[in-house]
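Let's see this in three dimensions:
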Amino acid sequence: MKKQLLSSLAALAASAFALTPAAAASAATCQLGNGIKHVVYIQFDNVHIERDNPNVPSDLEQMPNLLSFLQGKGTFLTNHHTPLISHTGDDILTSLTGIYGDRHGQPVANAFGYFNPNGSVSFSSTFAYWTDPTGSTTVPVMVGPTGLVAPAPWVAFARKGCDVGQVGVANTVLENITSDITTVFGVGSPEYVESTTSTTKAQAAADFEGIAIHCAANSQTCNNTNSRTDKLRNEVGGYLGYKALFGHKYVAATLSPNSPMTDINGGVIQASGGHVGFPGFNGTSAPVTLGYIATMLENNIPVVFSYISDVHDDNAGGTGAFGPGEAGYEANLKLYDAAFGTFFARLKADGIDETNTLFMIMTEEQDHYAGTLSPTPAGCDGVTVQCTYSHTTTPVNSGTVGEVNVNLSRLLNTEKGNTTPFSVHSDLAPTYYITGNPAPTAATTRQLERDIAGLTVFNPYSGVTEPLNDYLVDPAGMKMLHMVTSDATRTPNFVAFQKGDYYSTASGTSACTAVNYTDCVNIQPSFAYNHGGYQPEISTLWLGMVGPGVNANGTDSTTWTDETDVRPTILSLTGVTDTYVHDGRVIVEALNDSALPATLAGGNRATFVSLAQAYKQINAQLGQLGIATLKASTYALAGNDAGDATYLACTANINQWTQTRDALAGQMKTMLDAAAFNGTAIDGPTASSLVSQANALIASATCN
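The predicted structure is shown next:
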């Protein structure tokens, strides 16, 4: 997601707000484990630990107030992974819930296609409130395995007596002033009138989008006219009697009734045009988000989940994207670093620190930088000597930034003579929806897959003609990769994982005529940070954990984790339980025995870790079995022999691997979850047998 940054030069805010009696009474009912009084969850958009230019320190290297906190006081994991397709929506939702997209409904994000009954294709945004339906259908955007709404992530904490604050976090807040207003406030409500009146729409977005507090039962925070019923229809055990505050307008009226809510530097939080309130999802810079959650914590909202926008996009200045070390990029990094310094000091003064607070801080994805590495002056590092780039459509010696846009339908006709009608979710990893939704074995489907597999493009940065795609998967491979939901209409015909520089769309079929087809393949300087793909620089992340029960391990680059592991780790440390089994596991490698149940600690630790690590390699989308599936599926889809024998044989193999994996992973995650949350020790011989079977499955997963 492209995020806009705000700049704030306001003076430092007061160190704390006085707690209201209502907030204090509400917090007293929230009893968490391991001496944890607060949970602070912060998820960045595309903030990097790796260097995009080897001369320029990375985002986190230039945010020492944050990096030193994570490395010096806890465990900083750098072998953490996204799901596929890696985007803001899927990544955040996977981290929040501990389940993959096939179970929460959003494996394709930040938008997804679905087939209409007549075979045409429509698209829906990922970003909608948790219970919203998809487009014109009644199927929930957040569709679970049974076709009902997937479990909401704040429920377990609210049932524990904890109010839960949300700042900019996908689908837990109102994402728009259309369908979300109708869902929460209803047609004809004052909020609906404000959001549908032309002169007040902009203020309505600032009033109602982006911020929420989901309250515990009988919480005093929601015991006022600002709250609304927190409607969740499908939660196991029911969810009646709970309320929430939706939007800056009602959160501010409750937590800061006598003065505006301010960012961490003391500036009034407002959107463009001077509309006091939520500044938009592009405006959730570090000062803004940290100001919101500090105010929530100081008013005894004990659990806060939050989102911070990236530092490399220049939505305000007009260049679109900064190159590494460019002046605007460096200014944003300094702003973020200072904000975290102020934030940690302010919380410390409030008595909120690593001794009583669990900090879970991470990025939801990283990026492939699309651009040259030759800015001027030569050797610039951004810190002592700032870098200069040309924001043009043609590479120049002074350095150019911009992803390479590909018009798939035009290129396909030009190179292959194929004009099959299809739509794509435009992306680095585009999903293909063929009009009419033919079967995987249909001649139309198979020919389009072969032709897409054979596309080549001229890379304007390298000057080399190369294959566009690295991997392709159809529904057989997608099922292995947790990309097939209970809503069959949203399953694409196939997905292509392209080389990192490319971002593809599809429009028209007229032939490409320019030299090197630059009328169909060209640099788009507005965007330079590609994500959605499988590439390590995108999909291998960082996760920092600090607080009671977390070891001060410093940097851990060995332990293999992915975003499903965040949720069960938080719950295990806080003594909170969900009503479902997670796809993730507790990251015991970062935790000390005193914070773990006996079934995960001491002599049981090694057995748990062995089983968990083998489990991740067969069940995680970017584990060894997932990567093997990408390779096998690509080989299958490119097949063109008599009777399509290669495709049929490899697809049968993938289906068998998936069946075997599902059985093994089902046993493994049930055992891991029972050990973490039900006090059931893992049987050593059974675990050893499952690990051996997992390794054998990985070894067998090849088609060529």
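
For the rest of this, base every contact and every neighbour count on C-alpha atoms.
OK.

what helix or strand does Ala217 sit in?
Under the criterion DSSP states H and E, no helix or strand holds Ala217.

Now find how far off-centre stretch 472-484 is within its chain.
Here stretch 472-484 shows a centroid-to-chain-centroid distance of 19 Å under the convention C-alpha atoms, centre = their mean, to the nearest Å.

swap in stretch 470-482?
Relative to its parent chain, stretch 470-482 has a centroid offset of 20 Å by C-alpha atoms, centre = their mean.

what about it, start to end distance?
Between the opening and closing residues of stretch 470-482 there is a gap of 19 Å (C-alpha to C-alpha, to the nearest Å).

tell me the mean pLDDT for that stretch?
The pLDDT scores in stretch 470-482 average 98.

cool, and stretch 638-650?
Computed over stretch 638-650, the average pLDDT equals 96.

repeat for stretch 296-315
Summarised as a single mean, pLDDT over stretch 296-315 is 94.

got a list of contacts for the host helix or strand of Gly291?
Following DSSP H and E, the helix or strand that holds Gly291 is helix 286-298. Applying C-alpha atoms under 8 Å, 6 or more residues apart in numbering, the external contacts of helix 286-298 come out as 8, 16-19, 38, 165, 167, 255, 261-265, 269, 302-304, 306-309, 335-336, 339-340, 343, 346-347, 350.

which ones among those residues are found in strands?
His38, Gly165, Val167, Val303, Val304, Ser306, Tyr307, Ile308 (DSSP state E).

I'd like to know how many residues surround the third one.
When you say that, I think you mean Val167. When neighbours are counted by other C-alpha atoms under 10 Å, Val167 registers 29.

How many residues are close by Ala331?
Ala331 - counted by other C-alpha under 10 Å - has 16 other residues nearby.

Need the per-residue pLDDT for it.
Note for Ala331: predicted pLDDT of 96.

try Thr400
Turning to Thr400, the model gives it a pLDDT of 84.

Kindly provide the distance from it to Phe322.
Separation of Thr400 from Phe322 (C-alpha to C-alpha): 10 Å.

who touches the nearest residue to Ile99 once chain neighbours are set aside in this structure?
Nearest in space to Ile99, with sequence neighbours left out and distances taken as C-alpha to C-alpha, 6 or more residues apart in numbering, is Asp583 at 4.8 Å. If a contact means C-alpha under 8 Å, 6+ apart, then Asp583 has Gly98, Ile99, Tyr100, Thr564, Asp565, Lys669 as its contacts.

make it 6 Å
Taking C-alpha atoms under 6 Å, 6 or more residues apart in numbering as the contact definition, Asp583 lies against Gly98, Ile99, Thr564.

Chain neighbours aside, what residue packs nearest to Gln613?
Closest residue to Gln613 apart from its sequence neighbours, by C-alpha to C-alpha, 6+ apart: Trp560 at 7.2 Å.

close enough to count as contact, the one you found and Asn79?
Yes. Taking contact to mean C-alpha atoms under 6 Å, the distance of 5.3 Å between Trp560 and Asn79 places them in contact.

in this structure, what secondary structure element scores lowest on mean pLDDT?
Taking mean pLDDT, DSSP states H and E as the measure, helix 21-27 is the helix or strand of the chain with the lowest mean score, a mean of 45.

Got the domain ranges for the chain?
Domain assignment of the chain by automatic domain parsing yields the ranges 21-106+142-369, 404-524, 598-704.

In the stretch 201-350 of the chain, where is pLDDT below threshold?
Under the criterion pLDDT under 70, the flagged ranges of the stretch 201-350 of the chain are 315-319.

any idea where the helices of it begin and end?
Counting by DSSP state H, counting those that start in this stretch, residue ranges of the helices within the stretch 201-350 of the chain are 201-208, 248-255, 286-298, 327-349.

Just list what the longest one packs against, helices and strands only.
Using 3 or more C-alpha pairs under 6 Å, 6 or more residues apart in numbering; DSSP states H and E as the contact test, no helix or strand touches helix 327-349.

For it, report the contacting residues that lie outside it.
Under C-alpha under 6 Å, 6+ apart, the answer for helix 327-349 is Ser15, Met63, Asn65, Ala286, Pro287, Val311, His312, Phe322, Gln386.

Just the pLDDT for Glu449.
The predicted local confidence for Glu449 is 98.

quick thing: my sequence starts at 177, can you match it?
Sounds good: first residue 177 from here, last item Glu625.

That one: helix or strand, and which one exactly?
Secondary structure assigned from DSSP H and E places Glu625 in helix 619-629.

Could you tell me which residues within that helix count as buried?
Buried residues in helix 619-629, counted by 16 or more other C-alpha atoms under 10 Å: Thr621, Arg622, Gln623, Leu624, Glu625, Arg626, Asp627, Ile628, Ala629.

Distance to Asn780 added to those, as JSON lines?
Listed next are these as JSON lines, based on distance: C-alpha to C-alpha, whole Å:
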{"residue": "Thr621", "distance to Asn780": "50"}
{"residue": "Arg622", "distance to Asn780": "50"}
{"residue": "Gln623", "distance to Asn780": "53"}
{"residue": "Leu624", "distance to Asn780": "51"}
{"residue": "Glu625", "distance to Asn780": "48"}
{"residue": "Arg626", "distance to Asn780": "50"}
{"residue": "Asp627", "distance to Asn780": "52"}
{"residue": "Ile628", "distance to Asn780": "50"}
{"residue": "Ala629", "distance to Asn780": "47"}
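
Let me know how buried Thr401 is, in neighbour terms.
Tallying neighbours of Thr401 according to other C-alpha under 10 Å, which is how burial is gauged here, yields 9.

Whichever helix or strand Gln247 is part of: which residues count as buried?
The secondary structure element spanning Gln247 is helix 240-249 (assigned by DSSP H and E). Applying a neighbour-count criterion of 16+ other C-alpha under 10 Å, the buried positions in helix 240-249 are Pro240, Asn241, Leu242, Leu243, Phe245, Leu246, Gln247, Lys249.

Of the residues you listed, just say which sits nearest to Asn458.
Leu242 (21.2 Å; C-alpha to C-alpha).

Give me the nearest residue to that closest one, chain neighbours excluded.
Phe516 (6.1 Å).

what's the helix or strand that contains Tyr368 packed up against?
Counting by DSSP H and E, the element that carries Tyr368 is helix 366-372. In terms of contacts (3+ C-alpha pairs under 6 Å, 6+ apart), helix 366-372 is packed against helix 377-384.

Which other helices and strands does the helix it packs on contact?
In terms of contacts (3+ C-alpha pairs under 6 Å, 6+ apart), helix 377-384 is packed against helix 366-372, helix 424-431.

For burial, what's the neighbour tally of the closest residue to Thr805 other than its chain neighbours?
For Thr805, ignoring the flanking residues on the chain, the nearest one in space by C-alpha to C-alpha, 6+ apart is Gly653 at 6.3 Å. Summarising burial for Gly653: neighbours were counted as other C-alpha under 10 Å, giving 26.

Give the buried residues for whatever helix or strand Gly653 lives in.
Secondary structure here is read from DSSP H and E; on that basis Gly653 sits in helix 651-656. Buried residues in helix 651-656, defined by neighbour count with 16+ other C-alpha under 10 Å: Pro651, Ala652, Gly653, Met654, Lys655, Met656.

And for stretch 417-435?
The neighbour-count check on stretch 417-435 (16+ other C-alpha under 10 Å) flags 418-428, 430-432 as buried.

in this protein, which ranges drop under the pLDDT threshold?
177-204, 491-495, 571-574.

ok, 90 please
Within the chain, the stretches falling below the threshold (pLDDT under 90) are 177-205, 311-314, 409-410, 448, 458, 489-497, 548-550, 565-577, 701-703, 880.

quick one, longest helix in it?
helix 821-853 (DSSP state H).

what's that helix packed up against?
With contacts defined as 3+ C-alpha pairs under 6 Å, 6+ apart, the packing partners of helix 821-853 are helix 800-813.

Now distance to Ala812 too, for the helices of the stretch 377-526 of the chain, in CSV please.
Putting the helices of the stretch 377-526 of the chain into CSV (distance: least, C-alpha to C-alpha, whole Å) gives the following:
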stretch, distance to Ala812
helix 377-384, 48
helix 424-431, 51
helix 462-474, 46
helix 503-525, 43
